[in-house]
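In: The following block contains a protein sequence and its predicted model.
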Amino acid sequence: MKRRTFVGAIGGGTLAGVAGCLTRDESGSPNSGDDLSGSPKSGTITVATYDSMIDGTDPAGTWLKEAFEEAYPDATLEWTTAENGLNHYIQREAQDASLEADVYLGVNVDDLARIDDELGDGGLFLELADDRLDRTDRIRDGLAMGDPHGRVRPFDTGYISLVYDETVVDAPETFDDLLDPAYEGTLLAQNAQASDPGQAFLLWTIDAYGEDDYLEYWNDLAANDVRILKDWTESYYGAYMEEERPMVVSYSTDQVFAAAEGYDMSRHQIAFPEGQGYANPEGVGVFDRASNAALAHTFVDFLFSSDAQAEIAQRNVQFPAVAPEHVDLADDFDQYAHEPPEAVTIGYDRLRGNLDGWVEEWARDRTGL
Amino acid sequence: MSDDEPRHDRPSDTATGRDVTDRTGVETARIEAVTAWIERHALTLLALATAATLAVMLYVPVAIVFAEAVVDRGSVTLASFADVLSDPFFVGELATIAADPLALSDHLAGIWGWLTAISISATAVTVPGIGISIPWFAVDTPSLRLGLFGFTAYQAALSTFASLALGLPAAAVLAKYDFRGRRTIRSLTILPFVLPGILVAVGFYATFGRAGTINSLLGVVGLGPYPFIEWNPLAIVIVAHAFYNAPLIARVTVAAWEAVDVRSVETARSLGASRRRAFVDVVLPQLRPAILAGALLTFIFTFMTFPIVLALGGLELATVEVWIYDRVSRLALTEAATLAILETVISLGLTYAYLRYESAQSGLSATGSPPPREPLFPNLRSVVSPRRLAIVGYGLLALVVFVGPLASLVLGSVTDGSGFTLRHYAFLLDRQLEGESFQTLPVRAIVNSLLFGLATLLVAVPMGVVVSVVTTRAGRSGTVVDTLAMLPLAVSGIVFGIGLLQGLVFGISLPGGWRLQVTGTVAIVAAHAVAAYPFVTRTVSPQLDDLDPALVESARALGASRGRALLDVELPLVASAIVAGAAFAFAISIGEFSSTVILATGSDAYTMPVAVERYLGRRSGPALAMGTVLLAVTAASFVVVDRVGGRFEQ
């Protein structure tokens, strides 16, 4: 196909030592229906994702590239990351700038709502062609991301839970328990404006108390001295690990890290209030203007192979998206990664048009201004 | 022309020797003419280059985002400003004024009512943790709704005072006393400046947390643990701001102090002034512009603080920048731009006020021969003199505030749950040796940081000096230009980043389907230079202003071009300020994160702070190790920059 062909790259605009470059891109027509660009088994796909997928400790990205290229010897996988994640591509699309990527790995449900607000319903990604995906029927029930346009499939999931120090507090059984004097000044949470676990925890309370009463619950929680820090790293590696407080909003796979780092397990207990955890599935989608949408579908399908599911889960320290019979996890992963008895999540339909308002009202309340 | 040149030298050339001489003579004359022209117009050319760089790297990107605030579907509107200015959440009590600006008597009555409701009473306060009661005055003010902007300014003012309180004693010690390691400490004062916010936050928790270094030390003598951070989160945020900015104030002030003319002090003393009197009347006026410049920069920085308030203080201490970040991440650019413009207007307003003051201070200083330094501890007995004891006390405080967080970071990089470990460094080594091309390699990050730092220094120093020269003694118009030249400091970093992304990375649409893109190494250096040159200007301008204009005038009268006079007469006299500015430029480049990460997207032009961020997953070890490398490399290069600069100063 004819997209992303740089007709000319003329070095110019060197005024004042600023090297500019003039490019001319044909943005190309979107893929549609059965007519997917490229070949399903050869060529190059560029996969955009977040930093820790390729740069963390023992990242899933290196394994995926190697295994995918081994399975499809004529195919090449290239990784790319953008500082502001999916927003980078939403903004590129809005400006008709070339996307320079075919696949995005790590789409959240709220990303889909934002895409549709910015670009119109069903924008940015194409509707995945089910006849090219043999393995996606392995996906467990309850992980569906609820996209009416069928653009993404969840490839793994995390659960937000509470991590606590059992030598100081008991596991709270319910959200109301957190309002007890026993839990005064014990909880660390994150800013829902900018933090994924922070937003997930807020949505969890909205699921529990409803959109009319969640602010009141949070006012009570504030009266019991909850502390809301910037993001997961500050609250966990800053405050929690320096024993500022005995409880923090975090992931239910916490013990996997604690075991690997040699931490004392008594400070790494997992609590599921209400017997629940908030599911944060991560999805994969193929860009509408992908230059090799056929190979991109092959890659999406590859993500659901048993090996890929096991490697992604263990290296990302998340849970596989497929049913247990399709994946074989190491024993110590099973031992330390806890799944909640019940997973809750707020789907696309309820998020769309509501999320920004929920978060804004909550955040204004918290500042006390 | 140069192609022709060798021909004249060929023996077979038919031209006579005389011809050759003539022709080379003509060429030499021409070259001389060109050189002379360049020399005459060097300043103008540099000023034009500076303006062009600023236009591409600053004004266009910022304008792209700011336009979002005032342009709605093609028509200009101020609706979003009206929304913000009438919302008490943002502007507090001012919202009622914005809603009905003409109801003056109501507003005055409101202010009077508030003032008369203030009451002061004597009370006792218990010092937390120690349990001792001390008498205190309770000022009981009726609640005044500050709004997001009001609170942001309030914490910035407190942070500025704290930074002055911590920075000025350091400046005094470094400028007045001689002791082993003085130069090295002076070099290292900028170190906090380059640390990514996340590392500062982690360092502060590791120092002041309940399980932190200080509580561990207190635990040895059976005290604590004390919740230092939770006692008063605002206080900890202010200390963290001082951690960043006190070194800046110290550095700027030391540079001015070292340019104080010792003869003016001696004259005052010989006329019978006491030491104190000579300091207050002679030295302080020469330091004041530098101190105020440092305070201004600190206020502007902490007014736009972002990661620190939320990381240490929490959402109840949210600032305007927190809301801008939220709006940008929700792609609500209209509101983000509106808030950012208001921020910029406030920062530039303050800058303008300061610059009016600065230009009113025209000294007649002719030369910088600084007063001699006295030894810090001439003998053992001097240690117990009150002045020396105060210095030792300050040293201990500085040790806790500045060295504590840095040392705790280093400690964190060599420990895990089971004690001492080097495996975080093994991670860096392994990534370097085994890493794939799409991964972030530590050595490349180090090399890039140093190269960009050096290049930034080379670009930013001429830019900053030119802006200083163009604006000094140019009256009110000079002040306006100087104010606008401070824009890089007065624009929200988040908004600048979005502007770079939408303007330069995605490319600016030109007619005919063309796009102008500016990314990669050169763009990063240009962006760093744009962020850094205001520091050069702010350190150089006060001293340039202070010079006796007769110096330049006599050089000019003797036939020197403006550029020649600057190079031969003025610059040597303000060398200490230039070196301080150059060190800042280097530091800004090393520490810069937000625009680097955007311009480095899709290339391998990443730097050390970017590497720290990318290694930060759910394990903190690798990021702490990379942070320690950042500290070590930066410390070493500051010492080198200052040593090299020291030669230039002499």
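Out: Looks like it came in fine. Only a predicted model underlies this, so the values are computations on that prediction, with no experimental measurement involved. Residues are numbered from 1 along each chain as shown, chains lettered A, B, ... in the order given.

In: Pick out the residue nearest the middle of chain A.
Out: A:Glu282 (4.1 Å; Cα atoms, centre = their mean).

In: Which neighbouring elements make contact with the one helix or strand that one maps to?
Out: For A:Glu282, the element it lies in under DSSP states H and E is strand A:276-286. The contact analysis (3 or more Cβ pairs under 8 Å, 6 or more residues apart in numbering or on different chains; DSSP states H and E) places strand A:276-286 against strand A:103-107, strand A:152-164, helix A:196-209, helix A:293-303, strand A:342-344. For every residue, glycine as well, the C-beta is placed using N, CA and C.

In: can you give me the angle the second one makes with strand A:276-286?
Out: With axes from the mean of the first three to the mean of the last three Cα atoms, to 10 degrees applied, the angle from strand A:152-164 to strand A:276-286 works out at 150 degrees.

In: helices or strands next to strand A:152-164 in the packing?
Out: Counting by 3+ Cβ pairs under 8 Å, 6+ apart, strand A:152-164 packs on helix A:196-209, strand A:247-251, strand A:269-271, strand A:276-286, helix A:306-316, strand A:319-320.

In: Relative to it, what are the paired strands and their orientations?
Out: strand A:247-251 (antiparallel), strand A:269-271 (antiparallel), strand A:276-286 (antiparallel), strand A:319-320 (antiparallel) (DSSP bridges).

In: who are the neighbours in contact with the closest residue to chain B within the stretch 101-250 of chain A?
Out: Per Cβ to the nearest Cβ, A:Glu242 is where the stretch 101-250 of chain A lies closest to chain B, at 2.8 Å. Shown in contact with A:Glu242 (Cβ atoms under 8 Å, 6 or more residues apart in numbering or on different chains): B:205-206, B:209-212.

In: With neighbour count as extra columns, can I get those residues in TSV?
Out: Compiled in TSV, the contacts of A:Glu242 are given as follows (neighbours: other Cβ atoms under 10 Å in any protein chain shown):
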residue	neighbour count
B:Tyr205	30
B:Ala206	25
B:Gly209	27
B:Arg210	20
B:Ala211	14
B:Gly212	25
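
In: Go through those residues and say which is closest to B:Ile300.
Out: Set against B:Ile300, the nearest of the contacts of A:Glu242 by Cβ to Cβ is B:Tyr205 (26.5 Å).

In: For that closest one, I want the exact helix or strand it lies within.
Out: Counting by DSSP H and E, B:Tyr205 is part of helix B:197-208.

In: Determine whether any part of that helix lies close to chain A.
Out: Yes - judged by Cβ under 8 Å from any Cβ of the partner chain, helix B:197-208 and chain A are in contact via B:198, B:201-202, B:204-206.

In: one step back: give me the beta-bridge partners of the residue nearest to the centre of chain A?
Out: Under DSSP bridges, the beta-bridge partners of A:Glu282 are A:Asp156.

In: Enumerate every residue touching it.
Out: Contacts of A:Glu282 by Cβ under 8 Å, 6+ apart are A:105-108, A:154-158, A:318.

In: Please identify which of those is nearest to B:Val597.
Out: Checking the contacts of A:Glu282 against B:Val597 with Cβ to Cβ, the nearest one is A:Gly106 at 17.4 Å.

In: which SSE is A:Lys41 in?
Out: Going by DSSP H and E, A:Lys41 is not in any helix or strand.

In: how close does it get to A:Asn292?
Out: Look at A:Lys41 and A:Asn292: by Cβ to Cβ, to the nearest Å, they are 11 Å apart.

In: Of these two, which one has the most company?
Out: Each of A:Lys41 and A:Asn292 has its neighbours counted (other Cβ atoms under 10 Å in any protein chain shown); A:Asn292 has more, 26 against 13.

In: Look up the closest residue to that one, ignoring the ones flanking it.
Out: Sequence neighbours aside, A:Gly38 is the residue nearest to A:Asn292 in space, at 3.3 Å (criterion: Cβ to Cβ, 6 or more residues apart in numbering or on different chains).

In: residue in chain B nearest to chain A?
Out: B:Gly209 (2.8 Å).

In: how close does that residue get to A:Pro181?
Out: Taking Cβ to Cβ, one finds B:Gly209 at 24 Å from A:Pro181.

In: Contacts only, for B:Phe208.
Out: If a contact means Cβ under 8 Å, 6+ apart, then B:Phe208 has B:214, B:228-229, B:236, B:404 as its contacts.

In: With adjacent residues omitted, what lies nearest to A:Ala239?
Out: In space, A:Ala239 is closest to A:Leu188, 5.3 Å off (Cβ to Cβ, 6+ apart).

In: give me the number of residues near that neighbour?
Out: 24.

In: Look up which residues are beta-bridged to it.
Out: Beta-bridge partners of A:Leu188, as defined by DSSP bridges: A:Arg227, A:Val248.

In: what's near enough to touch it?
Out: Neighbours of A:Leu188 in contact, by Cβ under 8 Å, 6+ apart: A:226-227, A:229, A:235, A:239-240, A:244-245, A:247-249.

In: Do I have it right that B:Val383 meets B:Ala390?
Out: No - with contact defined as Cβ atoms under 8 Å, B:Val383 does not count as touching B:Ala390 (11.6 Å).

In: Put the alpha carbons of stretch B:156-172 into CSV.
Out: The C-alpha atoms that make up stretch B:156-172 are tabulated as CSV, following Å, rounded to 0.1, in the frame of the first residue of the first chain:
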residue,chain,number,x,y,z
ALA,B,156,5.6,29.6,46.3
ALA,B,157,6.1,32.6,48.6
LEU,B,158,6.8,30.4,51.6
SER,B,159,9.2,28.3,49.5
THR,B,160,11.0,31.4,48.3
PHE,B,161,11.6,32.5,51.9
ALA,B,162,12.8,29.1,52.9
SER,B,163,15.1,29.0,49.9
LEU,B,164,16.5,32.4,50.9
ALA,B,165,16.9,31.3,54.5
LEU,B,166,18.8,28.2,53.5
GLY,B,167,20.7,29.7,50.5
LEU,B,168,22.1,33.0,51.7
PRO,B,169,24.1,31.5,54.7
ALA,B,170,25.6,29.1,52.2
ALA,B,171,26.5,32.0,49.9
ALA,B,172,28.1,33.9,52.8
